[in-house]
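return atomic coordinates for the entry below.
(2 chains)
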Amino acid sequence: MLSGNLLWVLSGTMLLGIAAGITGTFSFLQKQSLVGDAAAHAALPGIALAFLLTGQKELPILMLGAGITSALSVYCIQWIVSFSKLKADAAIGLVLTVFFGIGIVFLTVVNRSPLGNQSGLNSFIFGKAATITKADLLWLFISAIIIIVVSLLFYKEWKLLIFDPVYAKGIGLPIEALKATLTVLIVMTIVTGIQAVGVILMSALLIIPTASARLWTNKLSSMLILSAAIGGIAGMAGTFISAIRTGLSTGPIIVLVAAGIFFISYFISPTGQIRKYYRKRQFRKQGDVG
Amino acid sequence: MIEFWVIVTGLLVGMTCGIAGVFLILRKMSMIADAISHTVLFGIVMAYILTQTLNGFWMLVGAAFAGILTAYLVQLLHSSGIQEDAAIGVVFTSLFAAGVLLITLFAGNVHLDVEHVLMGEIAFVPWNQWSLLGISMPKAVWMLLFVLMINVTFLVLFFKEMKLTTFDPVYAASIGLPIVFLHYAFMTSISFTTVAAFDSVGAILVVAMLIGPAATSYLMSKTIKQMFVYSMLFGALAAIIGYYLAKLWDTSIAGMMATTVGLLFMIVFIGQKIIERRRKFLVHKFEIE
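This next block holds a predicted model:
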């Protein structure tokens, strides 16, 4: 049952979950969770275009293409917000759908080209963790570890950037460069995960573990650890469940495991609904007595 | 005749979405519409599992249910202290994942494949005909006409109320307008719009049509009425140009329509910047002289 290959895939998706949990926390705290969603959708045209231009299905090339269009989408959103009267939500929605539309246009071109049928690019929309090859996994490992290490290195700077940008600027931190590295890292997380869970569900891995962790704690350090742990567990458990029964796609199950953890946290965490309910009742009782 | 129906469908998608999009942009709810466009899948699959048919009516019911559920869950999470963007993200990704999973489990062999839901296939629209009162038109056209009528009726009935709750919710509440009812009614109309359009242009690209034309017209209009007119025009324009570009290069029609939406936005966005700069320049010159 627990074959060697499965073990590798399991640790791959676990690392991916950890990386997404960490970068997701930073984007969550900047109130940019949905920007990650847009960037994930915007990876599609990059993947298709990279394939069209080079004719190769090498993961590094596809990842490079995905990274470029994802980053471009983030900048487009920032441009629209700063240079027009449109609000962030409209800018994000517009960029998300237009990039995805362009991606589908390129994808139909790819599918009609002679290389198309074997390209398997369609699987990037939903991800195929179960059929990942050893070479793909190697890339997943390397980039997940880079993401984790870099976020730990920049921990202090990013913390300052998020909670006290004025002070950060005052002590001479390169704000713009720090923001850019954070964007690059988020894009890198998305691009890394696309192969496993697909374009659409990748945003879930960035958002759900962090939102769950936020329910348990107010402290950044513990939030990062918790979010990473939840992401890792969701990645591993989801992959494991989908490996038990063939025909289940991995991406949705990973997301549903994460959603389950969120659901539980929503009710039983210290700020959760059950605690809230009892506190309310206690207040009411005291009110009656007093 | 085939091309005629495809273009009519595209036009109807553009106009229906154009109308629905205006208040979406003004109420800063674009991303909730995006969320609904994903979760509609869940509603449709549930409708299929429960009724075992791909009947358009039950699909609308399922979609409306999913839309209201999404709006309600987002509201619930947001009001219990979770950041709005995260609340939206959690709700729609989970319901979408559930929808995809349910399809692979229960509806694998049906026409409901996920790619179809996402990308739609407007080129197939003319082959699925429905007859009513002796008139035979494609099913998609019937559904879009129906939803367009709902959207127009909603607008005619509640224009003032929607305007007031959008721009001055506190005042609207104080004079006793049913804010909550309007919110959910509006979300229902968005779900209807999504499901009527999704068969032809796909769930995700509906959002391009919902947000794009309205956002473009928002850049250049001074009144809401103006915004409605421009938004419908841009929607229709994007549909027609997109269709012919797709035909020209033989690619995905829905994808090309979304691309055209982006193109139109870019032209207006950049054009406006150029006009602005030119005006500033002229004013500057005038002052010097």
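
residues in contact with B:Q272?
B:Q272 makes contact with A:S84, B:L219, B:M220, according to CB atoms under 8 Å, 6 or more residues apart in numbering or on different chains. From N, CA and C alone the C-beta is placed, and that goes for glycine too.

that one belongs to a helix?
Yes - counting by DSSP: H, G, I helix; E, B strand; the rest coil, B:Q272 falls inside a helix.

grab the nearest non-local neighbour of B:M257.
Among residues not flanking B:M257 along the chain, B:G242 sits closest, at 3.2 Å (CB to CB, 6 or more residues apart in numbering or on different chains).

and what of B:E161?
Nearest to B:E161 is B:L177, by CB to CB, 6+ apart, at 5.5 Å.

tell me how many other residues crowd the one you found.
Using other CB atoms under 10 Å in any protein chain shown, the number of residues around B:L177 comes to 18.

which residues does it contact?
Contacts of B:L177 (CB under 8 Å, 6+ apart): B:E161, B:L164, B:T165.

by neighbour count, which of those residues wins?
Neighbour counts for these peak at B:T165, which has 23 neighbours (criterion: other CB under 10 Å).

may I ask you to confirm that that residue is in contact with B:L182?
Yes - counting by CB atoms under 8 Å, B:T165 touches B:L182, with 5.5 Å between them.

count of residues packed around A:V109?
Neighbours around A:V109, by other CB under 10 Å: 19.

wait, isn't it in contact with A:L52?
Yes - at 6.5 Å, A:V109 counts as touching A:L52 under the criterion of CB under 8 Å.

contacting residues around whatever residue of the stretch 101-250 of chain B ends up closest to chain A?
Relative to chain A, the nearest point of the stretch 101-250 of chain B is B:A208 (3.6 Å; CB to the nearest CB). Contacts for B:A208 (CB under 8 Å, 6+ apart) come out as A:L94, A:T97, A:V98, A:F100, A:G101, B:M257, B:A258, B:V261, B:G262.

and it, which of the three is it?
The three-state label given to B:A208 by three-state DSSP is helix.

need the pLDDT of it.
At B:A208, the pLDDT value in this model is 90.

also B:S231?
In this model, B:S231 carries a pLDDT of 93.

tally of neighbours for it?
The burial count for B:S231: 28, using other CB under 10 Å.

distance of A:Q286 from A:R279?
11 Å (CB to CB, to the nearest Å).

show me the shaky parts of the chain.
Looking at chain A here, since you left the chain open. Along chain A, segments meeting pLDDT under 70 span A:1-3, A:114-131, A:246-247, A:288-290.

please go with chain B instead
Short version for chain B, where the test is pLDDT under 70: B:1, B:54-56, B:107-132, B:134, B:204, B:289.

can you give me the strands for it?
Taking DSSP state E as the criterion, chain B carries its strands at B:129-132, B:135-138.

for chain A, what's its nearest residue on chain B.
For chain B, CB to the nearest CB, closest residue to chain A: B:A258, 2.4 Å.

list the contacts for that residue?
A:T97, A:V98, A:F100, A:G101, A:I102, A:I104, B:V201, B:L205, B:A208, B:M209, B:G212, B:G242.

OK, contacts around the first one?
Which is A:T97. By CB under 8 Å, 6+ apart, the residues touching A:T97 are A:H41, B:D34, B:I204, B:L205, B:V207, B:A208, B:I211, B:G212, B:A258, B:V261.

which PyMOL command selects the buried ones in those?
Restricted to buried positions by 16 or more other CB atoms under 10 Å in any protein chain shown, the PyMOL selection for those reads:
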select buried, (chain A and resi 41) or (chain B and resi 34+204+205+207+208+211+212+258+261)
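
want to throw the contacts of A:T97 into TSV with distance to A:S221?
Below are these laid out as TSV (distance: CB to CB, whole Å):
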residue	distance to A:S221
A:H41	31
B:D34	33
B:I204	37
B:L205	42
B:V207	37
B:A208	40
B:I211	38
B:G212	41
B:A258	42
B:V261	43
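
and the contacts of A:T97, which is closest to A:I194?
A:H41 (10.4 Å; CB to CB).

let me know how buried the closest residue in space to the closest one that isn't next to it in sequence is, in neighbour terms.
Nearest non-adjacent residue to A:H41, counting by CB to CB, 6+ apart: A:F100, 4.4 Å away. Number of residues near A:F100 (other CB under 10 Å) recorded here: 31.

please apply the same query to the one 4 residues further on.
Residue crowding around A:I104 was assessed by other CB under 10 Å; the count is 29.

so what's it up against?
Taking CB under 8 Å, 6+ apart as the test, what A:I104 contacts is A:L44, B:M119, B:L205, B:S252, B:A254, B:G255, B:A258.

which parts of the stretch 151-289 of chain B sit against chain A?
Residues of the stretch 151-289 of chain B found near chain A (CB under 8 Å from any CB of the partner chain) are B:204-205, B:207-208, B:210-212, B:214-215, B:218-219, B:246, B:249-252, B:254-259, B:261-262, B:265, B:269, B:272-273.

which of those fall within helices?
B:204-205, B:207-208, B:210-212, B:214-215, B:218-219, B:246, B:249, B:254-259, B:261-262, B:265, B:269, B:272-273 (DSSP state H).

could you tell me the angle between the helix or strand hosting A:V184 and helix B:203-220?
Here A:V184, judged by DSSP states H and E, is contained in helix A:175-216. Relative orientation of helix A:175-216 versus helix B:203-220 (axes from the mean of the first three to the mean of the last three CA atoms, to 10 degrees): 130 degrees.

chain center to helix A:175-216, what's the gap?
3 Å (CA atoms, centre = their mean, to the nearest Å).

just stretch B:267-283 next, same as before
30 Å.

buried residues in that stretch, which are they?
B:V268, B:F269.

can you check stretch A:230-248 too?
Within stretch A:230-248, the residues that count as buried by 16+ other CB under 10 Å are A:230-240, A:242-243, A:248.

any idea how far the residue nearest the centre of chain B lies from B:A47?
Closest residue to the average C-alpha location of chain B: B:L210 at 3.4 Å, with CA atoms, centre = their mean. Distance from B:L210 to B:A47, counting by CB to CB: 22 Å.

repeat that for B:E84.
Using CB to CB, B:E84 is found at 28 Å from B:A47.

for B:G235, same thing?
The value you get for B:G235 to B:A47, if CB to CB is used, is 27 Å.

the residue of chain B closest to chain A - nearest residue in space that isn't next to it in sequence?
Nearest one to B:A258, counting by CB to CB, 6+ apart, is A:G101 at 2.4 Å.

is it true that that neighbour touches B:G255?
Yes - at 4.7 Å, A:G101 and B:G255 qualify as touching, with contact defined as CB under 8 Å.

what do these two both touch?
Residues touching both A:G101 and B:G255 (CB under 8 Å, 6+ apart): B:L205.

which one of those two is surrounded by more residues?
Between A:G101 and B:G255, counting by other CB under 10 Å, A:G101 is the more crowded of the two (33 against 29).
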